[in-house]
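1. fold the following and give me the result.
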Amino acid sequence: MEAGSERDQALQDDQWRLVLLIKSLSNPEHPYHRTPHGNMQILQDGLQEQGADICQKFADWYKNHYSANRMKLVVLGSEPLDLLEQWVGELFADLQSKEPPQNHWDSGEPWLSDHLCTEIFAKKMEPGQFLYIMFPFLDEEQLYQSQPSQYISHLIKHKGRGSILVYIKAKGWAKKISASRITICPGCTFFTVSVGLTEKGTEQYHEVVKVIFHYIAMIKERPPEQWIFDKIERQAEAKFRCQKKSSASDFTLDLASRMQRALPRKWLLSGDRLWRKFEPDAIKEAMSYLRADNFRIMVASPGYPGNWDSREERCGTKYKAQKIPEDFLSDIHKVLESSSKERISDLHMPHKTPFSKLAVRLTAQKAVASLGRYSKSIWLAMKLPFDQAKHHLARRRTFEDSNNKPFAEEKALWSTSTL
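-> Next comes the predicted model:
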């Protein structure tokens, strides 16, 4: 009943429905094709078609996979450590290790050649239109120190002048953009660019895709830069140190999942939330996956294009799938091979600012930094509500106008909860 309820709830969520659709349009021999939710009816019907015994199937799975060397245990409690350790021994000491190898799916691809260079139109239940550009990507399991995908996603989703977002918003095509690596399973990773489209942008989705590939071409032609990595590193550290305190169940689940990865024990708490090493060659290798023959597109909308001709069996989502038109693919190839003079002139990389190497010393009340003839004050106000402390950071800058008269500018920077 619990699994069935979870499945029914997931089927009401557009994001899960889209995930199931992408899974169903993938290699049926790869684990990614399988559904993450099920119920007794699905189990019984599927096994009956195979002429298999459901109880025997469970017994075989237990025999082959239920092994101590594939498990990680996290215990969090207020009791003394000796007592917690005693409980663990009493409850888990008899668990056998059958020494099966760790699962790693690098012998097959989730998307075959027939799945690439395709575009999928999916009908959403909720308002709003989205464009997804998905690339099979570099496996970063052993690249936890450098995480090259974070360098790429930082540039694609940045919101400053010359960015993709500023350009497509000015055109009236989009409202937001994000980019991230998605690890499906060990040995299988995607890199996805997601764009929140307007109705006008939905009809012009090919133009939005071209803009993104223009920016990808621009990133590729420049060697990876240390200052960009340093900026990402500092932002990640600040976010990690100022994150909200999670619940006990979320903390233990997250930590146990992280223990399954090839991380040194000293980095289990931070995991891949921090960046520790700049590896230009790894970034270049990661960029090599963003090619015109290695992606697929999904446009999700409640009304566009309207002529969906198929229905996904597991979630009932209406969709239409087809090969990307050859003329459009040819345009993408031309964009990736173009010179800087042939690209969109309004697009450019982020500029290095004097703030990128600014060292700010925070005290309990005030931090002061000097920027040449300008001065800047940063005030850190502490509030102590009944549950946890919050930090409110504001900035005050003093400039000189054309008549050499000083004037001040104040801006609230952020407010966040501490651990």
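2. strands of the chain, residue ranges please.
-> Assigned strands in the chain, in chain order: 118-123, 129-136, 174-185, 188-197, 296-301, 310-311, 318-323, 366-371, 374-383, 390-400, 406-417 (criterion: DSSP state E).
3. can you list the residues that contact the first one?
-> Right, the one you point to is strand 118-123. 17-18, 21-22, 25, 296-302, 304-305, 308, 317-324 (CB atoms under 8 Å, 6 or more residues apart in numbering). Placement of C-beta: from N, CA and C, glycine included.
4. so for the chain, the centremost residue is which one?
-> Ser180 (3.4 Å; CA atoms, centre = their mean).
5. could you find the closest non-adjacent residue to that residue?
-> Ser153 (5.3 Å; CB to CB, 6 or more residues apart in numbering).
6. rewinding a little: so what's the residue nearest to the centre of the chain bridging to?
-> Thr192 (DSSP bridges).
7. OK, contacts around it?
-> Ser149, Ser153, Phe191, Thr192.
8. quick check, nearest of these to His348?
-> Nearest to His348 among the contacts of Ser180 is Ser153, at 17.9 Å by CB to CB.
9. can you get me a residue count around that closest one?
-> Ser153: 19 surrounding residues under other CB atoms under 10 Å.
10. wait, isn't it in contact with Thr192?
-> No: using CB atoms under 8 Å, Ser153 makes no contact with Thr192, being 9.3 Å away.
11. quick check: neighbours shared by those two?
-> By CB under 8 Å, 6+ apart, the residues touching both Ser153 and Thr192 are Ala179, Ser180.
12. need the pLDDT of Tyr205.
-> For Tyr205, the model assigns a pLDDT of 97.
13. so where's the stretch 101-250 of the chain uncertain?
-> 106-107 (pLDDT under 70).
14. show me where it has helices.
-> 148-156, 164-170, 199-203, 205-221, 226-241, 248-259 (DSSP state H, counting those that start in this stretch).
15. so which of those is nearest Ala93?
-> helix 248-259 (18.5 Å).
16. show me what that closest one is packed up against.
-> Using 3 or more CB pairs under 8 Å, 6 or more residues apart in numbering; DSSP states H and E as the contact test, no helix or strand touches helix 248-259.
17. neighbouring contacts of that helix?
-> Contacts of helix 248-259 (CB under 8 Å, 6+ apart): Lys72, Leu73, Val74, Val75, Leu76, Ser246, Leu268, Leu269, Gly271.
18. likewise for stretch 162-170?
-> 156-160, 174-177, 195, 201, 208, 211-212, 215, 344, 346-351.
19. quick check: buried residues in that stretch?
-> Gly162, Ser163, Ile164, Leu165, Tyr167, Ile168, Lys169 (16 or more other CB atoms under 10 Å).
20. wait, doesn't Gly128 sit right on Thr198?
-> No: using CB under 8 Å, Gly128 is not in contact with Thr198; the gap is 9.8 Å.
21. of these two, which one has the most company?
-> For Gly128 versus Thr198, neighbours defined as other CB under 10 Å are more numerous around Thr198 (17 against 14).
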